[in-house]
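**Student:** sequence first, predicted model second:
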Amino acid sequence: MALSAREVLIILRAQDFASRDIERVGLAFSGLDAAAQQAAASQLRQGAALLGVGTAIGLAGAAGLVFFAGATKASMDYEAQVAKTATQVHGFSASMKEIGDIGLEVARKIPIPLKQVQDGLFDIFSSTDLNLKDSTKLLGLFAKAAVAGGTDIQTVARANFEIMNAFGLGVEDLSRVLDIQFKLVQLGIGDYKDINSGIGRLIPTAAIAGQSIETMAGSLAFATRVMGPGGSAISAVSRAFEALAKPEVGSRLKAMFDIDIKTPSGNYRQFGDVLAELGLKMKDLTAPERIAAIEKILKGQGNTIQARRFINEAILQYGELKGQIDGVTNSNGAMEDAYKKMSETVKARLQLVKNAWDEVYIEIGDRVKPIFAGLLLVVGKVLNAFLDLSSSTKDWIVRFGFLSLIFLVLTGAVTALAGVFLILNAAAALISTPFLLIIAGAAALAGGLIYLATQTEFF
């Protein structure tokens, strides 16, 4: 049946009202979507802010605990070093604080690593009978020599004690001994550490042969120039001194060249003078004649190749050898000059700053240490209390603790997972449908490309 005009108008009017109502509902949903996005964004911002603040606070607290833990360890390490040094104190009394303060005082003035200072003081106390004041002065000299020579303080201390003991010198001679060593480094080839690491093999021979420390050092400086640095030069001088001190060698020198190796009082002459005199008497010999004469003098002395080489060069350059010996003899102030140059470097200044920091670190640790000691006492009591429990009680505690830890791990994992879901949910609310379609399309395209690629012969 055909609709009348009135009915058509009613339908059109109803359609118009419905369209407007649908539009209003759509607008309402649109507004609701916008509000949800805004809320999600706000939630993410708040979460990120809280996460950042919480992380910063936690890291600051953790960093502080790490700092105090490190300071406490530094204090305990230094205390252990001081205690080790204190075991060598004899002939006088010194408290742990006094011994510790000596090391801090030296490191405050001289750019030597603080951790090396107690090693040097240990050797001083174990090798001398000096009191605390004089030991401090000796430690300062060793520390300066270590800086000047670019080595550690214990190497300096042990090498110099070996020299002083071998040549019968006292601590009052240390400044002169150090000057001679640094003049030797200046005149010869090689640095302080290299020479001191091997000179121990030469010292006993030189001392037994009655040679002065100046003759030993000057001869070694000469040997390094003609034979190069290192063990070869040290071995050459050592074997030459050993050979020249033999009675049969002295007899041949007297018979062949009228040269005495001993003074009228029976002491050995300085071998620099002996070789200089031999050089003057051999100056008119040809090279083969000179070599033959040296071999005859040293006959029967075993492996004397290096000794013959040193003596041959000394005869040819006796003036140079004498000059080197005179140079180390007139070496006053050589160590201080070297120290001044080294102590003015940026590296040395940085070491002083580091020493100051280490001292502050130890000072802080000294004040934290009693707290730490109290905690250790409490922990010790708790552990001892656990050890005193019955076997069944221990089993119950261990099982409960183990299950509690599993529960904590699972709870933490679930909580973290819930947080991830919340973040994903909030993020999803911020992503528009077109953008999701784009992501889905890109994922599908990527998946298709991967599938096609896996079908090729390249895989």
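**Tutor:** Perfect, I can see it now.
**Student:** need the contact list for S127.
**Tutor:** 157, 161 (CB atoms under 8 Å, 6 or more residues apart in numbering). All C-beta atoms are positioned from the backbone trio N, CA, C, and that covers glycine.
**Student:** hmm, 6 Å instead?
**Tutor:** F161 (CB atoms under 6 Å, 6 or more residues apart in numbering).
**Student:** ok, now S331?
**Tutor:** By CB under 6 Å, 6+ apart, the neighbours of S331 are 179-180, 183.
**Student:** how close does the closest residue to F257 other than its chain neighbours get to A245?
**Tutor:** Nearest-residue entry for F257: K281, 4.8 Å, with adjacent residues in sequence omitted and distances by CB to CB, 6 or more residues apart in numbering. The gap separating K281 from A245 is 20 Å, by CB to CB, to the nearest Å.
**Student:** looking at the two, which one has more neighbours?
**Tutor:** In terms of neighbours (other CB atoms under 10 Å), A245 is the more surrounded of K281 and A245; the figures are 19 against 15.
**Student:** run a quick neighbour tally on V66.
**Tutor:** 10.
**Student:** cool, the one 4 residues further on as well?
**Tutor:** Applying other CB under 10 Å, we find 13 other residues in the vicinity of G70.
**Student:** next: the one 5 residues further on.
**Tutor:** Other residues within reach of S75 by the criterion other CB under 10 Å amount to 21.
**Student:** what strand or helix carries S93?
**Tutor:** For S93, there is no host helix or strand (DSSP states H and E).
**Student:** mind saving the C-alpha coords of stretch 362-381 as CSV?
**Tutor:** Coordinates of each C-alpha in stretch 362-381 appear next as CSV, following Å, rounded to 0.1, in the frame of the first residue of the first chain:
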residue,chain,number,x,y,z
ILE,A,362,91.1,7.0,54.9
GLU,A,363,90.0,9.6,57.4
ILE,A,364,86.4,9.1,56.5
GLY,A,365,86.8,5.3,56.7
ASP,A,366,88.4,5.7,60.1
ARG,A,367,85.2,7.3,61.3
VAL,A,368,82.9,4.7,59.6
LYS,A,369,85.0,1.8,60.8
PRO,A,370,83.6,1.8,64.4
ILE,A,371,80.0,1.6,63.0
PHE,A,372,81.1,-1.2,60.7
ALA,A,373,82.8,-3.0,63.6
GLY,A,374,79.5,-2.7,65.6
LEU,A,375,77.6,-4.2,62.7
LEU,A,376,80.1,-7.0,62.4
LEU,A,377,79.6,-7.7,66.1
VAL,A,378,75.9,-8.0,65.7
VAL,A,379,76.2,-10.2,62.6
GLY,A,380,78.7,-12.4,64.5
LYS,A,381,76.3,-12.8,67.4
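**Student:** give the rounded mean pLDDT of it.
**Tutor:** Stretch 362-381 shows a mean pLDDT of 85.
**Student:** stretch 207-223 too?
**Tutor:** Rounded mean pLDDT across stretch 207-223 is 93.
**Student:** now do stretch 161-171
**Tutor:** On average, stretch 161-171 scores 89.
**Student:** which other residues reach that stretch?
**Tutor:** Outside stretch 161-171, the residues that touch it by CB under 6 Å, 6+ apart are 127, 138, 177, 200, 203, 207, 213.
**Student:** next one: stretch 259-277
**Tutor:** With contact meaning CB under 6 Å, 6+ apart, stretch 259-277 is reached by 209-211, 215, 244, 250, 253, 278, 314, 318, 321-322, 325.
**Student:** rewinding a little: need the buried ones from the contacts of stretch 161-171 selected in ChimeraX.
**Tutor:** Buried subset of these, written as a ChimeraX selection, criterion 16 or more other CB atoms under 10 Å:
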select :127,138,177,203,207,213
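**Student:** so, low pLDDT: which residues of this structure?
**Tutor:** Across the chain, the ranges flagged by pLDDT under 70 are 1-37, 40-41, 43-55, 58, 230, 302-304, 416-459.
**Student:** let's see that with 50 instead.
**Tutor:** The chain contains residues with pLDDT under 50 at 457-459.
**Student:** list the buried residues of stretch 138-151.
**Tutor:** Buried, per 16+ other CB under 10 Å, within stretch 138-151: 138-149, 151.
**Student:** quick one: which of these sit in helices?
**Tutor:** Secondary structure defined by DSSP state H assigns 138-149 of the buried residues of stretch 138-151 to helices.
**Student:** what would those residues look like in TSV with distance to I364?
**Tutor:** TSV is the format used below for those (distance: CB to CB, whole Å):
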residue	distance to I364
L138	30
L139	25
G140	26
L141	31
F142	28
A143	24
K144	29
A145	31
A146	27
V147	27
A148	32
G149	33
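**Student:** contacts only, for Q317.
**Tutor:** Going by CB under 6 Å, 6+ apart, the list of residues near Q317 is empty.
**Student:** one more pass at 8 Å, please.
**Tutor:** Neighbours of Q317 in contact, by CB under 8 Å, 6+ apart: 222, 226, 279.
**Student:** so which of these is the most crowded?
**Tutor:** With neighbours taken as other CB under 10 Å, the top of the contacts of Q317 is F222, carrying 28 neighbours.
**Student:** which SSE is it in?
**Tutor:** Per DSSP H and E, F222 falls inside helix 213-227.
**Student:** ok, then the element right after that helix?
**Tutor:** Heading C-terminal from helix 213-227, the first helix or strand you meet, by DSSP H and E, is helix 231-244.
**Student:** kindly export the very next helix or strand once past that next one (C-alpha atoms) in CSV.
**Tutor:** Heading C-terminal from helix 231-244, the first helix or strand you meet, by DSSP H and E, is helix 247-257. Included here for helix 247-257 are C-alpha records, laid out as CSV according to Å, rounded to 0.1, in the frame of the first residue of the first chain:
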residue,chain,number,x,y,z
PRO,A,247,146.7,-12.7,43.3
GLU,A,248,147.9,-14.4,40.2
VAL,A,249,146.6,-11.5,38.0
GLY,A,250,148.3,-9.1,40.3
SER,A,251,151.6,-11.0,40.0
ARG,A,252,151.4,-10.9,36.2
LEU,A,253,150.7,-7.2,36.2
LYS,A,254,153.7,-6.7,38.4
ALA,A,255,155.9,-8.9,36.3
MET,A,256,154.8,-7.7,32.8
PHE,A,257,154.2,-4.0,33.4
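**Student:** ok, N355 to R349 distance?
**Tutor:** Distance, N355 to R349, by CB to CB: 11 Å.
**Student:** between the two, which contacts overlap?
**Tutor:** Residues touching both N355 and R349 (CB under 8 Å, 6+ apart): P111.
**Student:** between these two, which one's more packed in?
**Tutor:** N355 (22 against 12).
**Student:** where's that one, which helix or strand?
**Tutor:** helix 346-387.
**Student:** packing partners for that helix?
**Tutor:** Where contact means 3 or more CB pairs under 8 Å, 6 or more residues apart in numbering; DSSP states H and E, helix 346-387 is packed against helix 5-86, helix 96-109, helix 114-127.
**Student:** fine by me, thanks again.
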